[in-house]
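K.L.:
Here is a sequence together with a model predicted from it:
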Amino acid sequence: MSKVVLPRKSNSDIGSSAFNATYPSEARASPLKLLKPTEPGNCTISSHEALRRTEERLRVLLERTHILPWEADFPTTQFTSVGAQAVSMLGYPIEDWYQPDFWPSHLHPDDRERATDEADRLSKTCDNYELEYRMIARDQREVWFHSLVTVIRENGQPKTVRGFSIDVTASRQTEAELRDLSGRLITAQEEERSRVARELHDGLNQRMALLSIELEQLGPQIEKPGAMRRQLIKLQDQVREISADIHRLSYKLHPSKLDHLGLAAAIQSLCKELTDSGKLKVDLQEKGLWSDIPKDVTLCVFRIAQEALRNCSRHSGAHSAQVFLEQARDTLRLSVSDNGCGFDPDSDQKKKGLGFISMKERLRLVNGDLQIYSQPLRGTRIEVRVPLKHKRLLKNDQVIEREIGATLSLA
């Protein structure tokens with residue numbers, strides 16, 4: 001089937017149609033009254049000149065704000081009008097923009113299918129919509145566009161799409177830098193926790209154990225088992241309690257089982273600790289767990305389980321909780337539910353809570369997903385899914401597939 005190539009408009013037509021599509025008709029109909037600085041009084045400037053000046057101001061405004069006006073046929077997506085800003089934004093000559101399939105063929109490969117499908121669907125169902133995507137510039141730069149689109153219909157069917165595309169690359173880069181900074185902060189926090197945990201376990205805790213042994217050896221040397229012996233036994237008990245507290249603190253900072261025995265053993269220990277404490281009865285079920293889960297995924301899922309169970313114990317008033325841990329071929333799933341008081345997941349207090357923000361941020365770093373199901377007086381269930389393989393964009397802009405964890409080095 002041959003494609004119909006629409007007639008190209010001249011540069012003057014391009015500018016006028018692009019601006020007239022959105023500029024109020026009243027301004028075009030009424031001449032502008034301008035004051036000449038070289039002549040006294042007012043003089044009426046022709047409507048044509050007023051329109052020309054107005055369009056020039058709008059052109060400058062669009063250039064300075066990096067906004068591209070355009071118009072395209074539907075459903076071919078072939079441009080029929082493009083603002084002159086297109087050249088500076090992507091580097092292609094205006095003539096290239098009028099070629100069939102210019103828009104889809106210059107979309108970023110990762111965005112092409114999604115953007116074209118959404119544009120087609122939304123154009124059929126909406127009169128106005130917004131769409132965000134990346135395009136590849138002539139010099140191979142990635143340029144982010146946020147498009148505000150209006151659909152023109154004939155006999156109820158979309159005929160033309162018209163809009164403004166805003167270059168939001170700078171803000172997107174800032175967001176990416178902030179996300180990268182957030183990820184590095186979490187990594188640094190975990191490294192520091194691991195270091196402090198090792199120092200507590202290998203240094204202070206060992207010294208406390210040695211002190212306890214020496215106190216125990218000192219006991220038989222006291223000839224009179226009077227008040228001094230009772231005081232000595234009391235000191236021994238206090239040393240044991242301090243040593244146990246140090247061990248618990250070290251485990252909370254960074255459980256050694258997570259590094260040596262893996263995710264399943266670490267979560268088993270976490271559930272057992274809570275059950276033995278009497279604060280919360282935790283039932284753990286496991287299915288299909290392997291031993292080669294990447295380190296960053298292991299740490300992420302453990303921290304989320306730790307935070308979820310801490311919320312169950314401290315805030316929900318629950319008496320029991322259920323933890324389900326499953327590893328399929330390419331997905332790791334964690335579910336934590338309780339029979340507590342529940343809450344409204346849409347409330348601002350919960351959305352801004354540091355616990356949930358921390359969970360979401362950790363999952364973002366491993367491309368995971370978090371779903372929270374809760375109702376007041378009906379308990380809470382947290383569902384976590386993490387892909388064990390996904391695509392990442394490296395610094396040289398090449399997209400490759402590799403195991404999660406290859407780019408993070410955790411102590």
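P.N.:
Good, I have the coordinates.
K.L.:
For the rest of this, base every contact and every neighbour count on C-alpha atoms.
P.N.:
Noted.
K.L.:
C-terminal to whichever strand in the chain runs longest, what's the next element?
P.N.:
In the chain, taking DSSP state E as the definition, the longest strand is strand 142-154. Where DSSP states H and E defines the elements, the next helix or strand beyond strand 142-154 is strand 157-167.
K.L.:
ranges for the strands of the stretch 301-411 of the chain?
P.N.:
Shown for the stretch 301-411 of the chain, the strands assigned by DSSP state E, counting those that start in this stretch span residues 320-327, 331-338, 369-374, 380-387, 389-393, 399-403.
K.L.:
To residue 73, which of those lies closest?
P.N.:
In terms of Cα to Cα, the element of the strands of the stretch 301-411 of the chain nearest to residue 73 is strand 399-403, at 32.5 Å.
K.L.:
got a markdown table for the strands of the stretch 301-411 of the chain, with mean neighbour count and distance to residue 107 too?
P.N.:
Shown next, in a markdown table, are the strands of the stretch 301-411 of the chain (neighbours: other Cα atoms under 10 Å; distance: least, Cα to Cα, whole Å):
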| stretch | mean neighbour count | distance to residue 107 |
| --- | --- | --- |
| strand 320-327 | 19 | 35 |
| strand 331-338 | 21 | 30 |
| strand 369-374 | 16 | 26 |
| strand 380-387 | 20 | 26 |
| strand 389-393 | 14 | 17 |
| strand 399-403 | 12 | 15 |
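K.L.:
Just put those strands in a markdown table and tack on mean pLDDT and distance to residue 71.
P.N.:
Output for the strands of the stretch 301-411 of the chain, formatted as a markdown table (pLDDT from 0 to 100; distance: least, Cα to Cα, whole Å):
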| stretch | mean pLDDT | distance to residue 71 |
| --- | --- | --- |
| strand 320-327 | 93 | 49 |
| strand 331-338 | 94 | 43 |
| strand 369-374 | 91 | 37 |
| strand 380-387 | 94 | 40 |
| strand 389-393 | 45 | 32 |
| strand 399-403 | 33 | 32 |
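K.L.:
Check which element follows the helix or strand where residue 117 lies along the chain.
P.N.:
Taking DSSP H and E as the definition, residue 117 sits inside helix 109-125. Under the assignment DSSP H and E, the closest C-terminal helix or strand after helix 109-125 is strand 128-136.
K.L.:
ok, residues contacting that next one?
P.N.:
Under the criterion Cα atoms under 8 Å, 6 or more residues apart in numbering, residues 90, 106-108, 111, 115, 118-119, 122, 142-151 lie in contact with strand 128-136.
K.L.:
ok so, going back, can you tell me what sits against the helix holding residue 117?
P.N.:
75, 104, 105, 129, 131, 132, 133, 134, 151, 157, 158, 161.
K.L.:
Take the strands of the stretch 301-411 of the chain and lay them out in CSV including distance to residue 297.
P.N.:
Listed next are those as CSV, based on distance: least, Cα to Cα, whole Å:
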stretch, distance to residue 297
strand 320-327, 12
strand 331-338, 9
strand 369-374, 12
strand 380-387, 8
strand 389-393, 11
strand 399-403, 10
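K.L.:
quick revisit: which one (most neighbours) among the contacts of helix 109-125?
P.N.:
Within the contacts of helix 109-125, residue 161 tops the neighbour count with 24 neighbours, counted by other Cα atoms under 10 Å.
K.L.:
Can you tell me how far it is from residue 144?
P.N.:
Residue 161 is 20 Å from residue 144, where distance means Cα to Cα, to the nearest Å.
K.L.:
right, and the pair among the contacts of helix 109-125 with maximum separation?
P.N.:
Based on Cα to Cα, the longest span within the contacts of helix 109-125 runs between 134 and 157 and measures 27.6 Å.
K.L.:
number of nearby residues for residue 99?
P.N.:
Residue 99 has 15 nearby residues by other Cα under 10 Å.
K.L.:
Name the helix or strand for it, please.
P.N.:
Residue 99 belongs to no helix or strand, assigned by DSSP H and E.
K.L.:
quick one, what contacts it?
P.N.:
When contacts are counted by Cα under 8 Å, 6+ apart, residue 99 touches 78, 79.
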